[in-house]
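[1] This is a predicted model, with the sequence first.
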Amino acid sequence: MSGIEDVALRAGVSKATVSRALSGRGYVSSITRHKVENAASELGYVVSSNASSLVTGRTNNVGVIIPVINQWFFGSIIEGVERALIDRGYDLMLYNLTKDIDARSRVFEYFLVRKRVDAIIAVTLEISPDEASSLVALGKPIAGIGGPLAGIPTLSIDDIAAARLATEHLIALGHTNIMHVGGDAAELMDFHVHSKRLQGFMDALSAAGLPFSDESYVATHFDIPGGYAAGKQILGDPRRRPTAIFAAADEVAIGVILAARELGISVPDDLSVIGIDNHPLADLFGLTSIAQNPAKQGEQAVDLVIRQLETAGWTPPSIHTTVPAQLVMRSSTSAPRSGAQR
């Protein structure tokens, strides 16, 4: 069976260079890395994870704690995290953290404590102070995606600012009769995303001197069926029909557009629609949106924890960092028809 010495001899490099090239830790030029990988492949050499762990004291695993797996936003974060980890020579261990107290306790008090991971990324989790303390007490590099977590470097878009930007876009086009379709506050989404996006909507109306009332907001589930149901509810009554809708997520916005099509309402001639996410389906529906690249956020979180692991003395700021969100204009928004405002 071939060993690391054989790979080094075949590639014409040192054993230390082979170790760096195949582990992903430490600098190796791309040319040298390819030579080593080719030599290892030709010889059928595979790095022993157990042997590597004995030498380095690491598992080469990064734990990702996430509340939802089967939604686009969270799936995109996982894709970004996994892609960045593979590039660095690490594996991903996924923990689906529900709101069940016993299940949460097992993750924080058992699985993570067993030292199966070298670092932890917490995705959109508004954890309790005790849970946050448990994470910090592990003494492992940690990063979060979402709102602020005490003592942990986190990153996310500014939900209030994103919602305000979306609403201001509609106002700039000349709309004054605008409704917001957002998440149900009873769902208690972590970091209060629903309430923050509603607040951004209200702030934009207030700054423009436009009124806000109970009729200005409809709550629904954060998905296409939820947006469709809300769209049928709003648009089915001509007396309360707005000229523009700001949906708190692109999937909700797409549901609204589908409802409008079914009712014979033209988008954007009769109704302008804007969302937040820049979902992959946004292009298909011509949806104007506020882009918040979740895969990129996943990559940035990986960079935070791997730099802590591999750069001696480097400590990340234990603060929340706001990542940019941009307006992406498509065909679902336009100025209202003359005389359409009420």
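    Cool, got the structure.
[2] and residue 174, what helix or strand is that in?
    Counting by DSSP states H and E, there is no helix or strand that carries residue 174.
[3] Tell me which stretches of the stretch 151-300 of the chain form helices.
    Assigned by DSSP state H, counting those that start in this stretch, the stretch 151-300 of the chain shows helices spanning 159-172, 193-207, 224-235, 250-262, 294-310.
[4] Now do the longest one: which elements does it pack against?
    Contact partners of helix 294-310 among helices and strands, from 3 or more C-beta pairs under 8 Å, 6 or more residues apart in numbering; DSSP states H and E: strand 61-66, helix 72-88, strand 119-123, strand 142-145, strand 154-156. Every C-beta, even on glycine, is put in place using the N, C-alpha and C of the backbone.
[5] tell me which residues in it are buried?
    294-302, 304-306, 308-309 (16 or more other C-beta atoms under 10 Å).
[6] Quick test: name the residue nearest the centre of the protein.
    By C-alpha atoms, centre = their mean, the mean C-alpha position of the chain lies nearest to residue 294, the distance being 3.4 Å.
[7] Return the residues in contact with it.
    By C-beta atoms under 8 Å, 6 or more residues apart in numbering, residue 294 lies in contact with 73-74, 76-77, 80, 145.
[8] for the residues you listed, which one is nearest residue 314?
    Checking those against residue 314 by C-beta to C-beta gives residue 145 as the nearest, at 19.9 Å.
[9] give the contact list for the closest one.
    With contact taken as C-beta under 8 Å, 6+ apart, residue 145 is in contact with 77, 121-124, 154-156, 294, 297-298, 301.
[10] Could you give the bridge partners of it?
    Using DSSP bridges, the bridge partners assigned to residue 145 are residue 123, residue 155.
[11] Show the pLDDT at it.
    Confidence at residue 145, expressed as pLDDT, is 91.
[12] How about residue 222?
    87.
[13] Touching, it and residue 250? I think so.
    No - using C-beta atoms under 8 Å as the test, residue 222 is too far from residue 250 to be in contact (10.1 Å).
[14] Can you pick out the residue with more neighbours from the two?
    residue 250 (28 against 21; other C-beta atoms under 10 Å).
[15] The more buried one contacts residue 275, doesn't it?
    Yes - here residue 250 reaches residue 275: they are 3.9 Å apart, a contact under C-beta under 8 Å.
[16] shaky segments in the chain?
    Flagging of the chain using pLDDT under 70 yields the residue ranges 1-2, 23-27, 46-58, 110, 113-115, 126-127, 185-191, 339-342.
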